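**Student:** Got a predicted structure plus its sequence, pasted below:
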Amino acid sequence: MHLTEKRIGFIGTGKMGESLIRGILAAHSEITLNASDVYKPALERLNNELGINVSTDNTETIGDSDVVVLAVKPQILKDVLVAIKDSITADKLVISIAAGVSVTAIEDELNEGTRVVRVMPNIAATVAEAASAVCAGKNATEDDMEVALEMFQSIGSAITIPEKLMDAVTGLSGSGPAYIFPVIEALADGAVHEGLDRANAITLAAQTVLGAAKMVLETGMHPGELKDMVTSPAGTTIRGIHTLEESGIRAAFMNAVIESSKRSKELGK
Ligand SMILES: NC(=O)C1=CN([C@@H]2O[C@H](COP(=O)(O)OP(=O)(O)OC[C@H]3O[C@@H](n4cnc5c(N)ncnc54)[C@H](O)[C@@H]3O)[C@@H](O)[C@H]2O)C=CC1
Ligand SMILES: O=C(O)[C@@H]1CCC=N1
């Protein structure tokens, strides 16, 4: 069955829940979306702005949904699972986006046979440019995986991976937008230092990051080869690259991904 034939319920409408809701609605305006949260003002805002069904009762949202997306913090997920266990009937698919929490840990809290899929998306779902990775729980069917992939491919790109790689994905693309926002800000700062106004500096910096990313994705060329295309002998770029290398830029980004992945592992313990 296709995604649009399913009613989707969000448990948690914080930053990532709202991002997914906005992305999915933009891709499928006809879809039925339900959402619950403990924070009523956020629900009222979503209901007013997007017209989705909202409730402060998680079990009501689950009762009205075929697919239940768990978008609460990993630290409270277990308590939420205990509270909703009886409303997760056999006809429902559960999708968890919680960092670090394994499929088994979720299955263990729910009724035997519950179909669970784990996904690590990112905040760019809001603009249909999320990078997501999906893995199946032991009871998830092929149809469940198709529904999950359809959902996350409609808001960006989504790949299937073995669960053991989920922490690496969390450190890379789950957290990754937060590594790039300061990069954009800092690039703009450099241009402001050299006299450009802030608004134009941010536009040029963001478009530069977008363009570079698009070239990697659309040409299929290695990033190093693309870098060489910009870097003229004795030109301006090599001077900038030399400075970045002196600052340890590669180790800095590698370490960010490695440490974030480690934290994802910790959250699962
Ligand atoms: N923020 C991000 O960029 C990403 C977050 N994630 C995952 O998404 C999940 C949510 O993260 P955020 O949206 O950033 O956190 P958040 O704190 O913004 O949102 C969590 C929401 O859950 C609500 N909540 C708390 N207790 C609840 C309960 N008992 N029932 C229903 N709702 C309840 C809170 O009021 C809040 O609105 C986390 O598990 C995180 O690991 C995954 C990928 C990216
Ligand atoms: O920082 C976090 O824990 C969440 C998971 C991935 C992105 N944000």
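**Tutor:** Thanks, I have the structure now. Residues are numbered from 1 along each chain as shown. Ligands and ions are numbered 1, 2, ... in the order given.
**Student:** Burial check on the residue in the stretch 101-250 of the chain that ligand 2 sits nearest to, number of neighbours?
**Tutor:** Nearest residue of the stretch 101-250 of the chain to ligand 2: Gly174, at 3.5 Å (CB to the nearest ligand atom). Using the backbone N, CA and C atoms, a C-beta is placed for each residue, glycine as well. Per other CB atoms under 10 Å, the neighbour tally for Gly174 reads 28.
**Student:** Any figure for the gap between it and Leu244?
**Tutor:** Separation of Gly174 from Leu244 (CB to CB, to the nearest Å) stands at 25 Å.
**Student:** Make sure Ile97 is actually in contact with Gly14.
**Tutor:** No - Ile97 is beyond contact range of Gly14, at 10.9 Å (criterion: CB atoms under 8 Å).
**Student:** got the contact list for the residue nearest to Ala212 when sequence neighbours are not counted?
**Tutor:** Leaving aside its chain neighbours, Ala212 sits nearest to Leu226 (7.4 Å; criterion: CB to CB, 6 or more residues apart in numbering). Residues near Leu226 by CB atoms under 8 Å, 6 or more residues apart in numbering: Ala212, Met215, Val216, Thr219.
**Student:** any idea which element the first one lies in?
**Tutor:** Element membership for Ala212, per DSSP states H and E: helix 198-219.
**Student:** Could I have the CA atoms of whatever helix or strand comes next after that helix written out in PDB?
**Tutor:** Tracing the chain C-terminally past helix 198-219 and defining elements by DSSP H and E, one meets helix 223-230 next. Provided in PDB are the C-alpha atoms of helix 223-230 (Å, rounded to 0.1, in the frame of the first residue of the first chain):
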ATOM      1  CA  PRO A 223      35.000  15.900  -4.100                       C
ATOM      2  CA  GLY A 224      38.800  16.100  -4.400                       C
ATOM      3  CA  GLU A 225      38.600  16.300  -8.200                       C
ATOM      4  CA  LEU A 226      35.900  19.000  -7.900                       C
ATOM      5  CA  LYS A 227      38.200  20.900  -5.500                       C
ATOM      6  CA  ASP A 228      41.000  20.800  -8.100                       C
ATOM      7  CA  MET A 229      38.700  22.300 -10.700                       C
ATOM      8  CA  VAL A 230      38.400  25.500  -8.600                       C
END
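**Student:** Show me the strands in the stretch 151-269 of the chain, by range?
**Tutor:** With DSSP state E, counting those that start in this stretch as the definition, the stretch 151-269 of the chain shows strands at residue ranges 156-160.
**Student:** Check whether whichever strand or helix holds Val82 comes close enough to ligand 1 to count as a contact.
**Tutor:** Using DSSP H and E, Val82 maps to helix 74-84. Yes - counting by CB under 6 Å from any ligand atom, ligand 1 is contacted by helix 74-84 at Pro74, Ile76, Val80.
**Student:** cool, stretch 113-130 as well?
**Tutor:** Yes - Stretch 113-130 reaches ligand 1 (CB under 6 Å from any ligand atom) through Met120, Pro121, Asn122, Ile123.
**Student:** can you give me how far that stretch is from the chain middle?
**Tutor:** Computed by CA atoms, centre = their mean, to the nearest Å, the separation of stretch 113-130 from the middle of its chain amounts to 6 Å.
**Student:** What of stretch 32-51?
**Tutor:** Distance of stretch 32-51 from its chain centroid, counting by CA atoms, centre = their mean, is 20 Å.
**Student:** C-alpha coordinates for that stretch, PDB please?
**Tutor:** Extracted in PDB, the C-alpha atoms of stretch 32-51 (Å, rounded to 0.1, in the frame of the first residue of the first chain):
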ATOM      1  CA  THR A  32      -4.000  12.600   6.800                       C
ATOM      2  CA  LEU A  33      -1.600  13.700   9.500                       C
ATOM      3  CA  ASN A  34      -2.300  13.500  13.200                       C
ATOM      4  CA  ALA A  35       0.000  14.700  16.000                       C
ATOM      5  CA  SER A  36       0.200  14.700  19.700                       C
ATOM      6  CA  ASP A  37       2.500  16.400  22.200                       C
ATOM      7  CA  VAL A  38       2.400  17.300  25.900                       C
ATOM      8  CA  TYR A  39       2.900  21.000  24.900                       C
ATOM      9  CA  LYS A  40      -0.500  22.300  23.800                       C
ATOM     10  CA  PRO A  41       0.600  25.700  22.300                       C
ATOM     11  CA  ALA A  42       2.800  23.900  19.800                       C
ATOM     12  CA  LEU A  43      -0.100  21.700  18.800                       C
ATOM     13  CA  GLU A  44      -2.500  24.700  18.400                       C
ATOM     14  CA  ARG A  45       0.000  26.500  16.200                       C
ATOM     15  CA  LEU A  46       0.400  23.400  14.000                       C
ATOM     16  CA  ASN A  47      -3.400  23.000  13.800                       C
ATOM     17  CA  ASN A  48      -3.800  26.700  12.900                       C
ATOM     18  CA  GLU A  49      -1.000  26.800  10.400                       C
ATOM     19  CA  LEU A  50      -1.300  23.400   8.700                       C
ATOM     20  CA  GLY A  51      -4.700  22.200   9.600                       C
END
